[in-house]
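Engineer: below are the sequence and a predicted model; questions follow.
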Amino acid sequence: MELPRNGGIVIIDDQIGEAIPLMNALSQKGVSYVYYNGETRNYPKETLESVRLIFLDMHLDNVTSVANDNKNVVSTLIAGIDTIVSEKNGPYVIMVWSKHDSQHLTDFKKGVLENNGLQCKPVAVLNMDKSSCFESVYEEGEGSTKSEFKLKENGIEIILNTMEEQLKSIDAFVLLYNWENGIRLSAKETVNKIESIYEKQSSQWSANLKNCFSKIAKAYAGEMLDETNKAIIENTYYSMNDIMCDYSFMITDSFSEKVTGISCELEERNGIQGKIEIIENIDDKEYVLSHAQNAYHLYVDSNIISSGKNVEKVFENIGEEHRLAETKIRTVYWNGLAGINSLLHLREYVPIGIRPGNIYEIDDGLKKELCDTNSIAPTRYDEIKGIELEVSPICDYSQKKRMRLRLLPGLLLPQDINLNAEYLYITKPILIEGDVKKMMFDFRYFTSEKEGYLKEKKHLYVLGDELLRNIKDKMSSHIVRTGIVVME
């Protein structure tokens, strides 16, 4: 099994002699790491944003000497991790690495996983007992006093096997960081190919390569490239991104083979119809939502309580005694579905400048007109946001050929407002600021404006390229649709 790379592993242990075998085990796998001795003054000045695995010795002498009870020890350890791991870090695992019989482990797990003790919560807290890898060595003689804590002969092998075995319990996490490792390989291939364009032995290698960057930038942006240093670097990087994506497709087979032992098929279980979509434990009861033969089913402790052709029908048919659970299950289902759509089709960043794919807020007058022409009740106006999407050709933007901005107005709607017409484009449910919404764009309002029109507008969201292309394709089909004249 692969381990996280790119310095995604952190070791926190005040006894470097006991940490060295772990470092050696990681080094044998070609995995880099960051080491801290547990002293606050040696922690990073700025939190790290790409940590994937932390090996934590819970018995740090500088912590236990100051904190005299479990609560204080745990809170001090948590504060140390907060100093290392950024709230934007993403998924990571804490591997408790201790020779003290996992002292404070129960309280630590509770503080980290249940009490929201960390600004970035780990996906799991696992345990690796140092005593399985080390052994105490005693001096010979009367009274035999322990002299050192020494790595066992097969200690490194035990460390590697234990890591692998522990990580199997959170194999979805392994899938994520394995993909991250694969992207690193794609970036490496891209850099290597560009670097090899000119002979490294040449004293002018750097100058020649920088000249090459100007050509790459012009090939990407076209003859209208603004040949400033900033524009050359940006467009070179845009081109390198495309090259890297090509490599990613090429090598996906090789790095996906490393995790083929992990099953991603929807779970099946005796007594449950179809494939399991959601499992939630609520008030000591297990709720299971499954899907089979064009129907959904909801079970409580393996007993079916509701069925329906769609999920909403299942929720409508639930008895009153399960209403509180229904609210949570409904939220988990729709947030999961909408969250995936957002991941695929929305970009969290707001780009600098005015570019196709950006979504802006429109004035209340146009919002009201869109609501009225689509027969949306005035009582719902406050739940709706008026939006407009720039749909100008991306090549016009890249080559600075836009004479006017092409805009498509629409609405950001609550999930339960249903509209249907050939002149509307309505997205699947998406997650916006924690709420399930839909975007509607009205082709009848397609318009153009001068570039200065958007300068004072507020950026809201950014559409991914695939969704933007799909909207433009549907709009093109609507514009060129043919009619027929007949006599009746």
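Structural biologist: In hand now; what should we look at?
Engineer: which other helices and strands does the helix or strand that contains residue 366 contact?
Structural biologist: Element membership of residue 366, judged by DSSP states H and E, is helix 364-373. Contact partners of helix 364-373 among helices and strands, from 3 or more CB pairs under 8 Å, 6 or more residues apart in numbering; DSSP states H and E: strand 385-390, strand 405-414. In this view, the C-beta of every residue, glycine as well, is placed from N, C-alpha and C.
Engineer: any idea of the mean pLDDT for that helix?
Structural biologist: On average, the pLDDT along helix 364-373 is 95.
Engineer: and the helices and strands packed on helix 364-373 as JSON lines, adding distance to residue 162, mean neighbour count and mean pLDDT?
Structural biologist: Supplementary listing: the helices and strands packed on helix 364-373 in JSON lines, determined by distance: least, CB to CB, whole Å; neighbours: other CB atoms under 10 Å; pLDDT from 0 to 100:
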{"stretch": "strand 385-390", "distance to residue 162": "51", "mean neighbour count": "22", "mean pLDDT": "95"}
{"stretch": "strand 405-414", "distance to residue 162": "49", "mean neighbour count": "21", "mean pLDDT": "95"}
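Engineer: so which of those is nearest residue 338?
Structural biologist: Set against residue 338 and scored by CB to CB, the helices and strands packed on helix 364-373 come closest in strand 405-414, at 11.9 Å.
Engineer: in stretch 280-289, what's buried?
Structural biologist: For stretch 280-289, a neighbour-count test (16 or more other CB atoms under 10 Å) marks 287, 288, 289 as buried.
Engineer: and it, average pLDDT?
Structural biologist: Mean predicted lDDT for stretch 280-289 stands at 89.
Engineer: got the domain boundaries for the chain?
Structural biologist: 9-172, 197-259, 275-345, 349-479 (automatic domain parsing).
Engineer: worst average pLDDT in the ones you listed?
Structural biologist: domain 9-172 (a mean of 81).
Engineer: now stretch 323-333: buried residues?
Structural biologist: For stretch 323-333, by 16+ other CB under 10 Å, it's 325, 326, 329, 330, 332, 333.
Engineer: please name the bridge partners of residue 358.
Structural biologist: residue 462 (DSSP bridges).
Engineer: and the gap between it and residue 75?
Structural biologist: Applying CB to CB, to the nearest Å, the value for residue 358 to residue 75 is 44 Å.
Engineer: who has more neighbours out of those two?
Structural biologist: residue 358 (22 against 16; other CB atoms under 10 Å).
Engineer: that one against residue 468, yeah?
Structural biologist: No. In this structure, residue 358 is not within contact of residue 468 by CB atoms under 8 Å, at 9.9 Å.
Engineer: mutual contacts of those two, please.
Structural biologist: Common neighbours of residue 358 and residue 468, counting by CB atoms under 8 Å, 6 or more residues apart in numbering, are residue 389.
Engineer: this protein: helices as residue ranges?
Structural biologist: Residue ranges of the helices in the chain, as given by DSSP state H, are 16-28, 61-64, 70-84, 105-109, 155-167, 171-195, 205-221, 229-256, 311-316, 323-345, 364-373, 394-398, 465-479.
Engineer: surely residue 467 is in contact with residue 345?
Structural biologist: Yes. The pair residue 467 / residue 345 is scored as a contact, 4.0 Å apart, by CB under 8 Å.
Engineer: any shared contact partners between the two?
Structural biologist: Contact criterion CB under 8 Å, 6+ apart; residues shared by residue 467 and residue 345: residue 427.
Engineer: quick one: residue 381 from residue 165, how far?
Structural biologist: From residue 381 to residue 165 the distance is 57 Å (CB to CB).
Engineer: tally of neighbours for residue 470?
Structural biologist: 15.
Engineer: for residue 232, which non-adjacent residue is closest in space?
Structural biologist: The spatial neighbour of residue 232 that comes closest, neighbours along the chain excluded (CB to CB, 6 or more residues apart in numbering), is residue 217 at 4.5 Å.
Engineer: list the residues that contact that neighbour.
Structural biologist: 225, 231, 232, 233, 234, 235, 236, 239.
Engineer: quick one: it from residue 399, how far?
Structural biologist: 12 Å.
Engineer: mutual contacts of those two, please.
Structural biologist: Looking at what touches both residue 217 and residue 399 (by CB under 8 Å, 6+ apart), the common residues are residue 225.
Engineer: just to revisit the earlier point, is it possible to mark the buried ones in the contacts of residue 217?
Structural biologist: Buried among the contacts of residue 217 (16+ other CB under 10 Å): 225, 231, 232, 235, 236, 239.
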